[in-house]
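Q: sequence unknown, structure follows:
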């Protein structure tokens, strides 16, 4: 049977093949997306943290459209309470849009929730592990692939009237779609295998690191530590290489994008570099200043516990001293503790800092600390009591800023009592 394009001018053949490719392109794009969806869920199931949660509510709500029609849509949510591995002793309340699970789950049921900070965004770090919810995305992708396949399949009948030629063409297109689905899965699994091989080298590398018993006991390595391999870089002896590793994009084999996993990479870099700076408290304080997120709470706590009485200064650097660096670090720690609702621990650090470090701190450190202290006191006592207790410290800071000619600080202090105040979180997460 001669090929249907045999005998046509070359330009006509190219046009016909381009038309066929355009018909197939949507299906190929959907097939690639379907493969990525499958690989994403394989990563969650294989590497994520499986956390038992309890269903506390099956909610129904109506949202009215903002269009002129004013139609309302029914929203079916599953509300669960889950222990939050990112916050010590905290329980997070999560709302999942899960209409398929409304007829399956009941209040009081136990379900599994997957948490993976290396592949899920910080805004939505949890997913329900129930099959009806977890594989809903790939199921929709499969349905969409079938719809997109209809157009090129219909075109085959017009282009290949002979059954045998049509079957051969159909097999070629099916193979193309199959390859498109498998490429993201195979690439993801191959990179994950490479990372697992690198973990063997990491264990040998980390076995040579100097021991620090207190650090290991008070700040143990988190469960995801081995999933960010060093790939031959020794952070204890090679600071430049470790800096490049820290600044690199999210590790290969992961399905996250953007800043997903950046906090974990920064934490791993800092915790490893601490081993090289154990006898240098000033350098340690500067290193810890690279992190300002909840992952660093145990590191800040460790430093303040063991180095609060240490003193240091560097000539020609107004910020490179124990008063400024420790005051700012304590402010960051207190602010994060207030947001987590751990007011008693936040209050434990305030008197020592006020007595020993705040008088010698620079303007930035004073501002950071007193914002955190105000947040703590307002959460404990209310705004009026907080202002009565802190006003003398604020006045001292304003006087110091005037003495040093720090006009930017005076502008900030002028609006101090109108500025941002952190509030304890109530355990409610954004609706997904």
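A: Right, received. Where do you want to start? Remember, it's a predicted structure, so these values are computed and weren't measured experimentally. Residues are numbered from 1 along each chain as shown.
Q: report all helices and strands that the longest strand anywhere in the chain contacts.
A: The residue-count maximum for a strand in the chain (DSSP state E) belongs to strand 49-64. Judged by 3 or more Cβ pairs under 8 Å, 6 or more residues apart in numbering; DSSP states H and E, strand 49-64 is in contact with strand 72-83, strand 91-97, strand 110-115. All C-beta spots, glycine's among them, are computed from the backbone N, C-alpha and C.
Q: quick one: closest of those to residue 338.
A: strand 91-97 (17.3 Å; Cβ to Cβ).
Q: that closest one - contacts with which helices or strands?
A: strand 49-64, strand 72-83, strand 126-128.
Q: nearest to residue 301, out of these?
A: Going by Cβ to Cβ, the one of the helices and strands packed on strand 91-97 nearest residue 301 is strand 72-83, 20.1 Å.
Q: show me where the stretch 301-432 of the chain has its helices.
A: Listed in chain order, the helices of the stretch 301-432 of the chain (DSSP state H, counting those that start in this stretch) span residues 322-339, 343-356, 363-380, 383-403, 407-414.
Q: and the first one, what does it pack onto?
A: Looking back up the chat, that one is helix 322-339. Looks like helix 322-339 contacts helix 281-288, helix 297-307, helix 343-356, helix 363-380 (3+ Cβ pairs under 8 Å, 6+ apart).
Q: the shortest one vs helix 322-339, what angle?
A: Between helix 281-288 and helix 322-339, the angle formed by their directions is 40 degrees, by axes from the mean of the first three to the mean of the last three Cα atoms, to 10 degrees.
Q: so the residue positioned nearest the centre of the chain: helix, strand or coil?
A: When Cα atoms, centre = their mean is applied to the chain, the residue found nearest the centroid is residue 122 (3.5 Å). Residue 122 falls in the coil class when you classify it by DSSP: H, G, I helix; E, B strand; the rest coil.
Q: hmm, it is touching residue 263, no?
A: Yes: with contact defined as Cβ atoms under 8 Å, residue 122 reaches residue 263; the gap is 7.4 Å.
Q: which helix runs longest in this protein?
A: helix 163-207 (DSSP state H).
Q: quick one: mean pLDDT for that one?
A: Helix 163-207 shows a mean pLDDT of 87 in the predicted model.
Q: that one: what's the following helix or strand?
A: helix 213-218 (DSSP states H and E).
Q: what's next to that following helix, contact-wise?
A: Helix 213-218 is contacted from outside by 271, 274-275, 298, 301-302, 305-306, using Cβ atoms under 8 Å, 6 or more residues apart in numbering.
Q: select only the buried ones of those in PyMOL?
A: The buried residues among the contacts of helix 213-218 can be selected in PyMOL (16 or more other Cβ atoms under 10 Å) with this line:
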select buried, resi 271+274+275+298+301+302
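Q: would you turn the contacts of helix 213-218 into JSON lines with pLDDT and distance to residue 130?
A: Supplementary listing: the contacts of helix 213-218 in JSON lines, determined by pLDDT from 0 to 100; distance: Cβ to Cβ, whole Å:
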{"residue": "271", "pLDDT": "96", "distance to residue 130": "35"}
{"residue": "274", "pLDDT": "96", "distance to residue 130": "40"}
{"residue": "275", "pLDDT": "96", "distance to residue 130": "42"}
{"residue": "298", "pLDDT": "94", "distance to residue 130": "32"}
{"residue": "301", "pLDDT": "95", "distance to residue 130": "36"}
{"residue": "302", "pLDDT": "97", "distance to residue 130": "38"}
{"residue": "305", "pLDDT": "95", "distance to residue 130": "42"}
{"residue": "306", "pLDDT": "96", "distance to residue 130": "44"}
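Q: show me which of the contacts of helix 213-218 is closest to residue 30.
A: residue 271 (42.2 Å).
Q: give me the element that closest one is part of.
A: helix 262-273.
Q: gap between that helix and the chain center?
A: Distance of helix 262-273 from the chain centroid (Cα atoms, centre = their mean, to the nearest Å) equals 13 Å.
Q: what is the orientation angle of it with helix 297-307?
A: Using the same axes, to 10 degrees, helix 262-273 lies at 30 degrees relative to helix 297-307.
Q: thinking again about what came up before, any chance of the helices and strands packed on strand 49-64 in CSV, with distance to residue 343, mean pLDDT and mean neighbour count too?
A: CSV is the format used below for these (distance: least, Cβ to Cβ, whole Å; pLDDT from 0 to 100; neighbours: other Cβ atoms under 10 Å):
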stretch, distance to residue 343, mean pLDDT, mean neighbour count
strand 72-83, 20, 87, 17
strand 91-97, 17, 90, 18
strand 110-115, 26, 94, 19
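Q: tabulate those strands (a markdown table), appending distance to residue 167.
A: Shown next, in a markdown table, are the helices and strands packed on strand 49-64 (distance: least, Cβ to Cβ, whole Å):
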| stretch | distance to residue 167 |
| --- | --- |
| strand 72-83 | 45 |
| strand 91-97 | 43 |
| strand 110-115 | 42 |
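Q: can you report how many residues neighbour residue 242?
A: By the other Cβ atoms under 10 Å criterion, the neighbourhood of residue 242 contains 21 residues.
Q: now do the phi/psi pair for the residue nearest to the centre of the chain.
A: Backbone torsions of residue 122, given as degrees, to the nearest 10, read phi -60, psi -30.
Q: with residue 108 instead?
A: Torsion angles, degrees, to the nearest 10, at residue 108: phi 100, psi -10.
Q: residues contacting it?
A: So residue 108 contacts 54-55 (Cβ under 8 Å, 6+ apart).
Q: circling back: and the helices and strands packed on strand 49-64: which comes nearest residue 240?
A: strand 110-115 (33.3 Å).
Q: which neighbouring elements make contact with the closest one?
A: strand 49-64, strand 72-83, strand 126-128.
Q: could you rerun that using 10 Å?
A: Counting contacts by 3 or more Cβ pairs under 10 Å, 6 or more residues apart in numbering; DSSP states H and E, strand 110-115 is packed against helix 10-47, strand 49-64, strand 72-83, strand 91-97, strand 126-128, helix 131-134.
Q: thinking again about what came up before, pLDDT value on the residue nearest to the centre of the chain, please?
A: With respect to pLDDT, residue 122 has a value of 77.
Q: what does the one 10 residues further on give?
A: pLDDT recorded at residue 132 is 92.
Q: sorry, back to before: between the helices of the stretch 301-432 of the chain, which one is nearest to residue 236?
A: That would be helix 322-339 among those, by Cβ to Cβ, at 22.2 Å.
Q: picking that back up, you'd agree the residue nearest to the centre of the chain is up against residue 116?
A: No: between residue 122 and residue 116 there is no contact under Cβ atoms under 10 Å: 11.5 Å.
Q: tabulate the contacts of helix 213-218 (TSV), appending distance to residue 87.
A: Shown next, in TSV, are the contacts of helix 213-218 (distance: Cβ to Cβ, whole Å):
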residue	distance to residue 87
271	18
274	22
275	26
298	11
301	13
302	17
305	19
306	23
